[in-house]
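Enquirer: Have a look at this fold, sequence not included:
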């Protein structure tokens, strides 16, 4: 099967953009390693670069006619009980960590670990609730 001419162009463009984003994230992290906001932006840039790489792979797979296993396995769109449990647990962890951050702020904000706990809980909520939403409304 012949792949259309625009697919390799999009593939290499997305890969180059992902590499550029990853290099800028690495440079930002190296230049400002102790700044939490810069670290967060660098982490998000790396995730964006990885999603661009995934998108470029999907372009090639669709052009070749390959079936993506994750989409072919569950076409019903139903979310299993494990995903709902993880989403609910991560929401509770987010609430608890936000409350701990609030308590720390009331006492002067001298501890750093509540910020990291809230960051981890935010990542967990984003991943689990995002999975449930995308699975439900796809």
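Expert: Now that the structure is in, tell me what you want to look at. Bear in mind the structure is a predicted one, so any value in this text is a computation, not a measurement.
Enquirer: Which segments of this structure make up each domain?
Expert: Using automatic domain parsing, the domain ranges for the chain come out as 1-73, 74-138.
Enquirer: in the protein, which spans are strands?
Expert: In the chain, no strands are defined using DSSP state E.
Enquirer: which intervals of it have sub-threshold pLDDT?
Expert: Residue ranges of the chain with pLDDT under 70: 1-4, 66-77, 138.
Enquirer: Spell out for me which residue occupies the centre of it.
Expert: Nearest to the mean C-alpha position of the chain, counting by C-alpha atoms, centre = their mean, stands residue 47 at 5.4 Å.
Enquirer: For that one, give its distance to residue 130.
Expert: 12 Å (C-beta to C-beta, to the nearest Å). Every residue, glycine included, has its C-beta placed from N, CA and C.
Enquirer: and what of residue 62?
Expert: For residue 62, the distance to residue 130 under the criterion C-beta to C-beta works out to 23 Å.
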